[in-house]
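Chemist: No sequence on hand, only this structure:
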């Protein structure tokens with residue numbers, strides 16, 4: 001294929017091979033890179049770092065996390081959703097706890 005001065009090598013694959021590639025999911029390497037990206041995003045935000053430090057190793061009530069993070073409830077909810085999706089935190093009733101992955105983040109702050 002030739003596009004405005006650039007030549008591209010397009011692999012010769014059929015529709016079945018393309019579908020298999022799309023359905024296979026990430027490789028172990030790709031998954032690990034995705035985990036690292038999530039970790040950097042989690043630690044890269046100062047509000048999330050405050051939330052993680054507030055929760056600590058033993059967990060904390062949501063109102064206490066909101067107070068200690070110095071953010072309003074909607075901000076804390078937004079960042080907790082991110083941490084839950086990344087499997088860094090869980091919320092059970094009014095208690096917020098870090099998962100093993102979340103404790104790994106805490107150790108790196």
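Modeler: Looks like it came in fine. Everything numeric in this text was worked out from a predicted model, so none of it was measured.

Chemist: Show the pLDDT at residue 35.
Modeler: If you check residue 35, the pLDDT there is 78.

Chemist: Mind telling me what element it is part of?
Modeler: helix 28-44 (DSSP states H and E).

Chemist: now that helix, how far from the chain's geometric center?
Modeler: 7 Å (C-alpha atoms, centre = their mean, to the nearest Å).

Chemist: gap between residue 93 and residue 62?
Modeler: 9 Å (C-beta to C-beta, to the nearest Å). Backbone N, C-alpha and C define where each C-beta goes, glycine included.

Chemist: Kindly report the same for residue 87.
Modeler: The value you get for residue 87 to residue 62, if C-beta to C-beta is used, is 18 Å.

Chemist: what about the two, which has more around it?
Modeler: residue 62 (17 against 13; other C-beta atoms under 10 Å).

Chemist: Was I right to think the more buried one contacts residue 95?
Modeler: Yes: contact criterion C-beta atoms under 8 Å: residue 62 and residue 95 qualify, at 7.4 Å.

Chemist: Pull out the buried residues from the helix or strand where residue 63 lies.
Modeler: Using DSSP H and E, residue 63 falls within helix 62-69. Residues of helix 62-69 classed as buried by neighbour count (16 or more other C-beta atoms under 10 Å): 62, 65-66, 68-69.

Chemist: got a markdown table for those residues, with distance to residue 82 and pLDDT too?
Modeler: As requested, the buried residues of helix 62-69 are exported to a markdown table (distance: C-beta to C-beta, whole Å; pLDDT from 0 to 100):
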| residue | distance to residue 82 | pLDDT |
| --- | --- | --- |
| 62 | 15 | 98 |
| 65 | 14 | 98 |
| 66 | 16 | 98 |
| 68 | 18 | 97 |
| 69 | 13 | 96 |
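
Chemist: nearest to residue 54, of these?
Modeler: Residue 54 lies nearest to residue 68 out of the buried residues of helix 62-69, by C-beta to C-beta, at 4.0 Å.
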